[in-house]
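[1] Got a predicted structure plus its sequence, pasted below:
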Amino acid sequence: IPDDLGYVIETHHSTDPARPLIIHIQEAHTNYEAQKHLAEILDRLVTQHGLKLILVEGGEGDVGLAYLRDYGPPENRREVAEKYLKLGILSGEEYLDIVSDHPMMLWGVEQDDRYQDNIQAFLDVEATRESVRPAVASLRQAVETLKPHVTPEALRTLDEKAKAYAAERLTLADYTEDLLTLAARAQVSTESAYPHLHHLRQLHRLEQGMDLALVQQEQTTLLERLARVVKPESLDALIAAARRMNAGTATKEAFYEALEQTAAKAGSTLEAYPNLSRYLKYLKHSRQLRPAVLAQELDRLVASLRQQLASSPESRLLLQIETQLDLVEKLLALRLSPSEYEQFHALSFAGTFPAWAEFLNSQCVRQGLPLNPFSRLDELEAALPTLQQFYAVASTRDEALVARALAKLEETHEPLAVLITGGFHSPQITKRLTEQGLGVVVVAPKVTQPTNERLYQAVLKYKSGHGSFKEVEAAAAATQLAESSKQYAAIVAA
C-alpha cells in the first residue's frame with residue numbers, strides 16, 4: 001500500500017495456503033479523504049491482483065452500482081459520483097463501481113434484522129443525546145475550572161501539550177518528543193514499553209538536515225560503480241526491483257534493501273555514502289512504524305504519565321473523574337474505540353455523578369471558587385443504558401458479518417476478497433477470521449482530516465429513511481465552511 005494512500009496495520013498468515021486471503025479495510029465513514037484513498041486502494045487491488053469480490057457492511061446481498069455506468073460517459077459519471085462522495089452518501093467502493101469499468105462485485109454481508117436493530121439503537125441515542133448534554137457540560141466545566149488549582153504544574157503542562165496536539169498546533173513528532181522528555185523527568189521508563197514512539201523520534205532526528213538531492217547524487221554514484229563491477233544477472237535483478245518500485249508494485253524499502261545487498265556483494269560499504277546511508281536508516285525505521293500501534297502507545301504513555309504526575313489524593317481523584325468523563329463524552333458522540341468501550345463497560349456509574357458533583361463542589365469551596373449548579377445528573381445516569389445499547393448491538397453484528405462473508409467466499413471460490421467495515425468492528429472480525437484459518441491483512445486508508453460527526457449522523461439518518469437530503473447538504477456545507485475558515489486563518493497567520 002503506497003504511503004500516500006494508506007498502510008498495513010497487521011497481517012495474519014493462513015494455516016492453509018489453499019484458503020482465501022481477505023484484505024480487511026477499516027474505513028472512516030463519510031470522511032471524503034479516507035473514502036477517496038479507499039477507492040484508489042481498491043483500484044490497485046483490482047488492476048494488479050485481480051480482485052473481484054468486495055464484501056461490505058451496511059447492506060445485504062448485491063449492492064453494486066455498476067448499472068449506473070449506462071447513464072453517461074466516464075467523465076460525467078465521475079463528476080456526479082464525486083459530488084455524492086463529498087456528501088458522504090457514496091462510499092469509496094461505490095464510487096469506484098460507478099466511475100470505473102472493473103468487473104467488481106459489491107456484496108453486502110449484513111443480517112438485516114441485526115443491522116436494523118443497530119439503526120434503531122442509533123436513533124434512540126439521537127433522541128436522548130440533547131437532553132443529557134447540559135449535565136455532561138456542567139461536569140466538564142467544573143473539572144476544567146478546578147484543574148489549575150488542584151493539579152500540579154507538570155500535569156497541567158502535559159494536558160496543554162495534549163490539547164495543542166489535538167488542535168494541530170503541535171506536530172506528532174514534536175508531541176512525541178515532549179512526551180518522552182516528560183517521561184524521562186518523571187523517571188518513567190519508555191525504551192521497551194513504547195518502541196514505536198522511539199522509532200518516530202529516531203525518524204524525526206534522521207529527517208533533520210537530510211538533503212534528498214545529495215541522497216540522489218550518492219545513489220547515482222553507487223549505481224554507476226555497481227554497473228561496472230557486478231555480474232549482469234545481479235544488475236538485472238536490481239533494475240527489476242527499481243521498476244517494481246516505480247510501477248508501485250513494490251515498496252521503496254524493497255528496492256533499497258536490494259541495493260544494499262547488491263552493494264555488499266560487490267564489496268561496497270555504504271559508509272562511503274553518508275547521505276544515502278542516513279536515508280536507508282530512515283526507511284528501516286519507517287518500515288518498523290505502525291501508525292495504529294503508535295497511536296495506542298501515545299494514549300498509553302499519556303495515561304501513565306497522568307497517573308505518575310497526579311501527586312495528591314485530590315489531583316488523583318480529579319484525574320479519575322476526568323478520564324471517566326472523557327469516556328462518557330465519547331459515548332455520547334458515538335466515538336468510542338473497541339478498547340474504550342471495554343473500559344466503559346467495566347465501569348459502574350450507579351450513583352457516580354452525584355458523588356462527582358459533591359467532590360467537585362467541595363473542592364470549589366476549598367479553593368474559594370463559585371459552586372456549580374449541577375442539574376439533570378439523574379437523567380444522565382438513566383440515559384447510559386440507551387447510549388451503551390448502540391455498541392452492544394453493533395458487537396452482535398460481527399458474528400453475522402463474518403459468517404456471511406465466509407459463505408460468499410465459499411460460493412464464489414474467489415482466492416482474494418476485500419471486507420470493508422468500520423474500525424469498531426475490526427478487532428473482533430479479524431479475530432474471527434483468523435480463527436477460521438484464513439489469511440488476513442488489515443489495512444487503513446490514510447486520513448489527515450477528522451471525520452465530521454454531524455455529517456456522519458446526517459447521512460446515517462438519511463440512508464435509514466429517518467432524515468432528509470437537506471440535512472446532509474447542510475452538514476456538508478458546515479464542514480466546508482469550517483475548512484475554509486481554517487485555511488483562511490492559516491493564510492492570515494502566515
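    Structure received. Residues are numbered from 1 along each chain as shown.
[2] Just list the residues touching the spatially closest residue to residue 251 that is not a sequence neighbour, thanks.
    Leaving out its chain neighbours, the residue that sits closest to residue 251 by Cβ to Cβ, 6 or more residues apart in numbering is residue 245, at 7.0 Å. Backbone N, C-alpha and C define where each C-beta goes, glycine included. Counting by Cβ atoms under 8 Å, 6 or more residues apart in numbering, residue 245 makes contact with 251-252, 254-255.
[3] Would you mind listing the buried residues in the strand or helix carrying residue 245?
    Assigned by DSSP states H and E, residue 245 falls within helix 232-247. By 16 or more other Cβ atoms under 10 Å, the buried positions in helix 232-247 come out as 234-235, 238, 241, 245.
[4] of all these, which comes closest to residue 50?
    In terms of Cβ to Cβ, no member of these lies closer to residue 50 than residue 245, at 21.2 Å.
[5] How far does the helix holding residue 245 sit from its chain's centre?
    On the basis of Cα atoms, centre = their mean, to the nearest Å, helix 232-247 sits 34 Å off its chain's mean C-alpha point.
[6] mind exporting it as CSV, just the C-alpha atoms?
    The C-alpha trace of helix 232-247 is given here as CSV (Å, rounded to 0.1, in the frame of the first residue of the first chain):
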residue,chain,number,x,y,z
PRO,A,232,24.9,-8.8,-15.2
GLU,A,233,22.3,-11.0,-13.5
SER,A,234,22.7,-9.1,-10.2
LEU,A,235,22.3,-5.8,-12.1
ASP,A,236,19.2,-7.1,-13.9
ALA,A,237,17.7,-8.1,-10.6
LEU,A,238,18.4,-4.6,-9.2
ILE,A,239,16.9,-2.9,-12.3
ALA,A,240,13.8,-5.1,-11.9
ALA,A,241,13.4,-4.1,-8.3
ALA,A,242,13.6,-0.4,-9.4
ARG,A,243,11.0,-0.9,-12.0
ARG,A,244,8.6,-2.6,-9.5
MET,A,245,9.1,0.4,-7.1
ASN,A,246,8.4,2.9,-9.9
ALA,A,247,5.3,0.9,-11.0
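[7] ok, back up a step: just the buried ones out of the contacts of residue 245, please.
    Judged by 16+ other Cβ under 10 Å, buried ones among these: 251, 255.
[8] which one of the contacts of residue 245 is nearest residue 421?
    For the contacts of residue 245, the nearest to residue 421 is residue 251 (25.8 Å; Cβ to Cβ).
[9] Check which helices and strands the host helix or strand of residue 442 sits against.
    For residue 442, the host element (DSSP H and E) is strand 439-445. In terms of contacts (3 or more Cβ pairs under 8 Å, 6 or more residues apart in numbering; DSSP states H and E), strand 439-445 is packed against strand 6-12, strand 21-27, helix 32-49, helix 426-435.
[10] Name the next helix or strand downstream of it, please.
    Counting by DSSP H and E, the next helix or strand C-terminal to strand 439-445 is helix 453-463.
[11] how distant is that next one from the center of its chain?
    Taking the mean of its C-alpha atoms, helix 453-463 sits 19 Å from the chain's own mean (Cα atoms, centre = their mean).
[12] Can you tell me what sits against that helix?
    Residues contacting helix 453-463 (Cβ under 8 Å, 6+ apart): 29-30, 58, 87-89, 119, 122-123, 126, 333-335, 467-469, 471-472, 474-476, 478-479.
[13] Would you state the strands of the stretch 351-494 of the chain in chain order?
    With DSSP state E, counting those that start in this stretch, the ranges of strands along the stretch 351-494 of the chain come out as 416-422, 439-445.
[14] Is it possible to get JSON lines of those that adds distance to residue 265?
    Output for the strands of the stretch 351-494 of the chain, formatted as JSON lines (distance: least, Cβ to Cβ, whole Å):
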{"stretch": "strand 416-422", "distance to residue 265": "35"}
{"stretch": "strand 439-445", "distance to residue 265": "32"}
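[15] any chance of those strands in CSV, plus distance to residue 16, mean pLDDT and mean neighbour count?
    Below are these laid out as CSV (distance: least, Cβ to Cβ, whole Å; pLDDT from 0 to 100; neighbours: other Cβ atoms under 10 Å):
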stretch, distance to residue 16, mean pLDDT, mean neighbour count
strand 416-422, 15, 95, 22
strand 439-445, 9, 94, 22
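[16] closest to residue 36 out of the ones you listed?
    Here strand 439-445 is closest among the strands of the stretch 351-494 of the chain (Cβ to Cβ), at 8.3 Å.
[17] Can you give the contact residues for that closest one?
    With contacts defined as Cβ under 8 Å, 6+ apart, strand 439-445 is touched by 1, 5-14, 19-28, 34-35, 37-38, 41, 92, 291-292, 423, 426, 430, 433-434.
[18] for the protein, which spans come out with low pLDDT?
    248, 479-494 (pLDDT under 70).
[19] Out of the strands of the stretch 351-494 of the chain, which gets nearest to residue 282?
    Here strand 439-445 is closest among these (Cβ to Cβ), at 22.1 Å.
[20] Out of the strands of the stretch 351-494 of the chain, the one nearest residue 186 is which?
    With distances scored as Cβ to Cβ, the stretch of those nearest to residue 186 is strand 439-445 (31.7 Å).
[21] Show me how far the closest one is from its chain's centre.
    12 Å.
[22] List the pairing partners of it within its sheet, with orientation.
    The strands that strand 439-445 pairs with in its sheet are strand 6-12 (antiparallel), strand 21-27 (parallel) (by DSSP bridges).
[23] can you put the ones you listed in TSV and add mean neighbour count and distance to residue 221?
    What follows is these, written out as TSV (neighbours: other Cβ atoms under 10 Å; distance: least, Cβ to Cβ, whole Å):
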stretch	mean neighbour count	distance to residue 221
strand 6-12	16	32
strand 21-27	24	40
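[24] export these to CSV and tack on distance to residue 151?
    CSV is the format used below for the strands paired with strand 439-445 (distance: least, Cβ to Cβ, whole Å):
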stretch, distance to residue 151
strand 6-12, 35
strand 21-27, 35
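[25] which stretch among those comes nearest residue 312?
    Evaluated over those, closeness to residue 312 peaks at strand 6-12, with 39.5 Å, by Cβ to Cβ.
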